[in-house]
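> structure for this input, please:
(one chain, ligands or ions: 1)
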Amino acid sequence: MTMNNQGRPTSVETSRRAPIAPGTHTPEELSTISGDRGLDHEEAPIFELGHGATGVDLPDVQISGDRLGGVRRKDAIGLPGLSEPEVIRHYVRLSRMNYAIDSGLYPLGSCTMKHNPRLNEKMARLPGFGDLHPLAPQSTTQGALELISQLMNWLTTLTGMPAVAMSPKAGAHGELCGMLAIRAALQARGEHRPRVLVPESAHGTNPATAAFAGFTVDEVPALPNGRVDSEALKAKLGPDVAAIMLTNPNTCGLFEGEIIDIAKAVHDAGAYFYCDGANFNAIAGKVRPGDLGVDAMHINLHKTFSTPHGGGGPGAGPVVLSDRLAAYAPVPLLVADAQGLRLIEDRDDAPDGAKPFGRMCAFHGQMGMFSRALTYMLSHGRDGVRQASEDAVLSANYVLASLKDVMSAPFGDGPCMHEALFDDSFLHDTGVTTLDFAKAMIDEGYHPMTMYFPLVVHGAMLIEPTESESKDSLDRFIHVLHTLATEAKAKRIERFAGAPHLAPRRRLDETAAARKPVLRWKREPLKEAAE
Ligand SMILES: Cc1ncc(COP(=O)(O)O)c(C=O)c1O
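Got it, this is the predicted structure:
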């Protein structure tokens, strides 16, 4: 197979595997006449399919006079001309090249790739929710508003926080919402506090959000035990600090045990405590962040509450707010009055005491995610949500305990929370890198774990199995990783070098693809079609 320098196939021909000379018949190399391999089909971009044909028959147009003047089309429009079965095949074939939580264990750390119960989908597709127009009169959308209200109630109850802003559409968007609420609160206090403290293990969205909201970022070091250095953090507090952004459990999969003490120090210094709640799946139903002193925290509904994500799918990042920040929640605000539930869309209409900082997006947030998340909560119940967290932590500890003898676990002396972190010291001197190891997992039928994050450990491999894997499934996964680690340590590197060998695509130039993305497909002029 040939790649262009952007790391993707240049044409149908070059995207096919190169035929192998007869006689070299390892299963991996066996060439086929079609270029396909059994159920694994090659597929070109849709615009390279169906030249010159059309998928539908339209009657000839009787043009009477040229009423389009200078904007009349000169060439063929160039859309792919495919029949319905060809289009369906195209997308089904592409989808089969992909990996999904519905096809296998997805151990991507910091992502909580858990099973999305089909009941969620059924509820989200109910016409009263799924087909709702955001501009429908509110008297006709009371059921949907009731759904949002119930979800708000679950989120405030689970977190022990008095208010929640529902409209942010992802975790990072929720972070921005929280930081803008903090900025508004500081402005209302008449204080200029430009600095935000962010631990070095933080997810990249935390410093990016702080900077985007107009603050400067000051990094707080981690201790050798993977927790934030609370003494260094306290030493950095001062009258110019607006907030800290801390993740708990943190991105090393560890609980920040000093969090209450940290929250007190932050409040004593007049600053706010933003908690990144992306890892809420480890503590939902067990710990209420409000009790820890948190002022604002986003919840990735698309992780903790199972709604599907990955590959840039839809998300929702509601932000719970403490008494200190509740007044600054953005519009729309959901209120109940004699007429029923009502969305307040305009800041000027906000009830007494409310000072919304603005709005995060058009309309009210991700209705599809709201209905899935509430379905998940109602079908699990509070005890079920708690059980899910306990099982997620148990699964991660099972993985950690089963692999720490062959893979190096930098904080493996104690238990972890919902994800097991390994570094690359077990690969030292083997010729195998974290990347090679992760790519070899693809040949074994697994999506790789999160690699090179968090940055505080070298060559990080972060595994989050979640609660939705059975013990059998975990055992198979552990067996594969154990064997791979043993092979790597024995320097049997063939399966690692250049892996994946068995996937529809080999190793791509990911740096070039990220730095020089080809976002527009351009075709050679289609002479025959234009004539
Ligand atoms: C710890 C942490 N914070 C924030 C985010 C951002 O969430 P989102 O991808 O929904 O914007 C993530 C996402 O992976 C995360 O893991």
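> do you know how far the residue in the stretch 51-200 of the chain that the ligand sits nearest to is from S110?
Each residue of the stretch 51-200 of the chain has a distance to the ligand, by Cβ to the nearest ligand atom, and the smallest belongs to G171, at 2.3 Å. Yep, even glycine has a C-beta here, placed from its N, CA and C like the rest. Taking Cβ to Cβ, to the nearest Å as the measure, G171 falls 10 Å from S110.
> the residue of the stretch 51-200 of the chain closest to the ligand reaches N300, doesn't it?
Yes - under the criterion of Cβ atoms under 8 Å, G171 is in contact with N300, at a separation of 4.5 Å.
> common neighbours of these two, please.
Shared between the contact lists of G171 and N300 (criterion: Cβ atoms under 8 Å, 6 or more residues apart in numbering) are residues 278, 315, 317.
> for the longest helix along the chain, packing partners?
In the chain, taking DSSP state H as the definition, the longest helix is helix 367-403. Packed against helix 367-403, as judged by 3 or more Cβ pairs under 8 Å, 6 or more residues apart in numbering; DSSP states H and E, are the following elements: helix 118-124, helix 127-130, helix 142-159, helix 301-304, strand 420-422, helix 471-489.
> now with 7 Å, please.
helix 118-124, helix 142-159, helix 301-304, strand 420-422, helix 471-489 (3 or more Cβ pairs under 7 Å, 6 or more residues apart in numbering; DSSP states H and E).
> next, format those as a markdown table and append mean neighbour count and distance to A326.
Output for the helices and strands packed on helix 367-403, formatted as a markdown table (neighbours: other Cβ atoms under 10 Å; distance: least, Cβ to Cβ, whole Å):
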| stretch | mean neighbour count | distance to A326 |
| --- | --- | --- |
| helix 118-124 | 16 | 29 |
| helix 142-159 | 19 | 10 |
| helix 301-304 | 28 | 20 |
| strand 420-422 | 29 | 35 |
| helix 471-489 | 17 | 41 |
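> of all those, which one is nearest D436?
Within those, the stretch nearest D436 is helix 471-489; the backing value is 8.0 Å (Cβ to Cβ).
> so, low pLDDT: which residues of the stretch 301-450 of the chain?
Filtered on pLDDT under 70, the stretch 301-450 of the chain yields the residue ranges 310-312.
> quick check: residues of it near the ligand?
315, 317 (Cβ under 6 Å from any ligand atom).
> who touches M97 in this structure?
Contacts here follow Cβ atoms under 7 Å, 6 or more residues apart in numbering; on that basis M97 touches P504.
> dihedrals phi and psi, it?
For M97, the backbone dihedrals are phi -80, psi -10 (criterion: degrees, to the nearest 10).
> what do G171 and S110 both touch?
Shared contacts of G171 and S110, defined by Cβ under 7 Å, 6+ apart, are found at A278.
> between those two, point out the one with more neighbours.
Comparing G171 with S110 by other Cβ atoms under 10 Å, the one with more neighbours is G171, at 27 against 21.
> wait, doesn't that one sit right on H302?
No - with the criterion set as Cβ atoms under 7 Å, G171 and H302 do not qualify as a contacting pair; they are 8.2 Å apart.
> count the neighbours of T141 for me.
The burial count assigned to T141 is 23, neighbours taken as other Cβ under 10 Å.
> residue contacts, the nearest residue to it once chain neighbours are set aside?
In space, not counting the residues next to it along the chain, T141 is nearest to L132; the distance is 6.2 Å by Cβ to Cβ, 6 or more residues apart in numbering. Contacts of L132 were listed using Cβ under 7 Å, 6+ apart, and they are 141, 144, 367.
> quick check: pLDDT value at the first one.
T141 is assigned 95 on the pLDDT scale.
> okay, now the domains of the chain?
The chain is divided into the following domains under automatic domain parsing: 119-131+138-374, 382-515.
> how far does the last one stretch from start to finish?
Taking Cα to Cα, to the nearest Å, the span from the opening residue of domain 382-515 to its closing residue is 45 Å.
> hmm, back to that, shared neighbours of G171 and H302, which are they?
G315.
> what's the first helix or strand after the least confident helix or strand in the chain by mean pLDDT?
Here the helix or strand of the chain ranked lowest by mean pLDDT, DSSP states H and E is helix 12-15, holding a mean of 40. Towards the C-terminus, the helix or strand next in line after helix 12-15, according to DSSP states H and E, is helix 84-96.
> so for that next one, what gets flagged as buried?
Neighbour-count burial for helix 84-96 flags 90, 93 (criterion: 16 or more other Cβ atoms under 10 Å).
> between the shared contacts of G171 and N300, which has the most around it?
If you count neighbours using other Cβ under 10 Å, the busiest of the shared contacts of G171 and N300 is G317, which has 30 neighbours.
> separation between that residue and V220?
23 Å.
> what residues does the protein put near the ligand?
Residues of the chain lying close to the ligand by Cβ under 6 Å from any ligand atom are 110-111, 170-172, 203, 205, 247, 251, 276, 278-279, 300, 315, 317.
> switch to 5 Å and redo it
For the chain, the residues found near the ligand under the criterion Cβ under 5 Å from any ligand atom are 110, 170-172, 203, 205, 276, 278, 300, 315.
> in the stretch 151-300 of the chain, which spans are strands?
All strands of the stretch 151-300 of the chain, identified by DSSP state E, counting those that start in this stretch, fall at 163-165, 195-199, 216-220, 241-247, 272-276, 296-298.
> which strands or helices does the first one pack on?
Read it as strand 163-165. Based on contacts counted as 3+ Cβ pairs under 7 Å, 6+ apart, the elements that strand 163-165 packs against are helix 142-159, strand 319-321.
> identify the residues contacting it?
When contacts are taken as Cβ under 7 Å, 6+ apart, the neighbours of strand 163-165 outside the stretch itself are 152, 155-156, 177, 318-321, 326, 329-330.
> what do you get if the cut-off is 10 Å, keeping everything else the same?
Under the contact criterion Cβ atoms under 10 Å, 6 or more residues apart in numbering, strand 163-165 has outside partners 148, 151-156, 174, 177-178, 180-181, 296-299, 317-323, 325-334, 354, 356-357, 359-360, 365.
> in it, which residues are buried?
For strand 163-165, the buried set under the neighbour-count rule, 16+ other Cβ under 10 Å, comprises 163-165.
> repeat for the third one
Buried residues in strand 216-220, defined by neighbour count with 16+ other Cβ under 10 Å: 217-218, 220.
> surely M161 is in contact with A296?
Yes - with contacts counted by Cβ atoms under 10 Å, M161 reaches A296, the gap being 8.5 Å.
> the two - which one has more neighbours?
Shown here are M161 and A296; by other Cβ under 10 Å, A296 has more neighbours (34 against 24).
> that one pairs with what?
According to DSSP bridges, Y274, L321 are recorded as the beta-bridge partners of A296.
> so what's it up against?
With contacts defined as Cβ under 10 Å, 6+ apart, A296 is in contact with 161, 163, 165, 174-175, 177-182, 185, 243, 245, 272-277, 289, 319-322, 324-326, 328-329.
> shouldn't Q339 be in contact with Q142?
Yes - under the criterion of Cβ under 10 Å, Q339 lies in contact with Q142, with a separation of 9.4 Å.
> shaky segments in the protein?
Low-confidence segments of the chain (pLDDT under 70): 1-30, 51-56, 63-65, 310-312, 523-531.
> what about N206, neighbour count?
Based on other Cβ under 10 Å, the number of other residues close to N206 is 26.
> now the spatially closest residue to N225 that is not a sequence neighbour, what's its secondary structure?
When the adjacent residues along the chain are set aside, N225 lies closest to F411, with 6.4 Å between them (Cβ to Cβ, 6+ apart). Applying DSSP: H, G, I helix; E, B strand; the rest coil to F411 yields a three-state assignment of coil.
> gap between F411 and V164?
With distances taken as Cβ to Cβ, F411 is found 33 Å from V164.
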